[in-house]
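Asker: need a 3D model of the sequence below.
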Amino acid sequence: MTKIITYGTFDMFHVGHLNLLERLSGMADEVIVGVSTDEFNAEKGKKVLIPFEQRAKIVKNIKFVNQVIPEESWGQKKDDVLNYGIDIFAIGEDWVGKFDFLKEFCEVKYLPRTQDISTTELKRSLKNFLSIPQQDLVKAFEVLDLLRRDLE
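Answerer: Numbers count the residues shown, from 1 in each chain. Just a heads-up that it's a prediction; the model follows:
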């Protein structure tokens, strides 16, 4: 039985996350996902919108995932690989070389990310959208409503 592990924050779960988990399930019999805790994200200087318990529950309920564990520190990866009998450690290609030290214990794979989607970009888009003055949004929706009525 082949076991694979990955880690991530999984904030604002999107199709890129789903693609990764699906890809991992095709590479191994068992997929274990370390979801970063709120405390660890704070340590990394990362702000999350969705609390750890909810992010972990979302990931746990993806059909490609067999087990979710909390990711509480950078240093736990080696211990997790050994404790869970991991055959493959996989993570996005933006981390190339950062986890090569695990090659002593398992195979390490850096996978391509889904193009044109990232949590960072989603947060940036949301921030830009929320910065639009409310009266401008109301006017835009009024115009859209008028256009819709003209088409009916």
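Asker: domain ranges for the protein, per the record?
Answerer: The record assigns the chain these domain ranges, following automatic domain parsing: 3-115, 118-152.
Asker: quick check, residue 89 in a strand?
Answerer: Yes: when classified by DSSP: H, G, I helix; E, B strand; the rest coil, residue 89 is found to be part of a strand.
Asker: which one of the domains of the chain is the most hemmed in?
Answerer: Most buried of these, by mean neighbour count (mean count of other Cβ atoms under 10 Å): domain 3-115, with a mean of 16. (Glycine included, C-beta is placed from N, CA and C.)
Asker: lowest-confidence stretch among the domains of the chain?
Answerer: Of all the domains of the chain, the minimum mean pLDDT falls on domain 118-152 (a mean of 67).
Asker: first to last residue in stretch 36-46, what's the distance?
Answerer: 10 Å (Cα to Cα, to the nearest Å).
Asker: I'd like to know which elements the helix or strand hosting residue 59 is packed against.
Answerer: Taking DSSP states H and E as the criterion, the element that holds residue 59 is helix 52-60. Applying 3 or more Cβ pairs under 8 Å, 6 or more residues apart in numbering; DSSP states H and E, we find helix 52-60 packed against strand 30-36, strand 67-71.
Asker: now the helix or strand where residue 143 lies - C-alpha only, PDB.
Answerer: Secondary structure assignment for residue 143, by DSSP H and E: helix 134-151. Once non-C-alpha atoms are left out, helix 134-151 reads as follows in PDB (Å, rounded to 0.1, in the frame of the first residue of the first chain):
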ATOM      1  CA  GLN A 134     -20.800  50.800  -2.300                       C
ATOM      2  CA  GLN A 135     -22.700  53.500  -4.400                       C
ATOM      3  CA  ASP A 136     -20.700  52.400  -7.500                       C
ATOM      4  CA  LEU A 137     -21.700  48.800  -7.000                       C
ATOM      5  CA  VAL A 138     -25.400  49.800  -6.500                       C
ATOM      6  CA  LYS A 139     -25.300  51.800  -9.700                       C
ATOM      7  CA  ALA A 140     -23.600  49.000 -11.600                       C
ATOM      8  CA  PHE A 141     -26.300  46.500 -10.500                       C
ATOM      9  CA  GLU A 142     -29.000  49.100 -11.400                       C
ATOM     10  CA  VAL A 143     -27.600  49.300 -14.900                       C
ATOM     11  CA  LEU A 144     -27.400  45.500 -15.200                       C
ATOM     12  CA  ASP A 145     -31.000  45.200 -14.100                       C
ATOM     13  CA  LEU A 146     -32.000  47.800 -16.800                       C
ATOM     14  CA  LEU A 147     -30.100  45.800 -19.500                       C
ATOM     15  CA  ARG A 148     -31.700  42.600 -18.300                       C
ATOM     16  CA  ARG A 149     -35.200  44.100 -18.600                       C
ATOM     17  CA  ASP A 150     -34.400  45.400 -22.100                       C
ATOM     18  CA  LEU A 151     -33.500  41.900 -23.200                       C
END
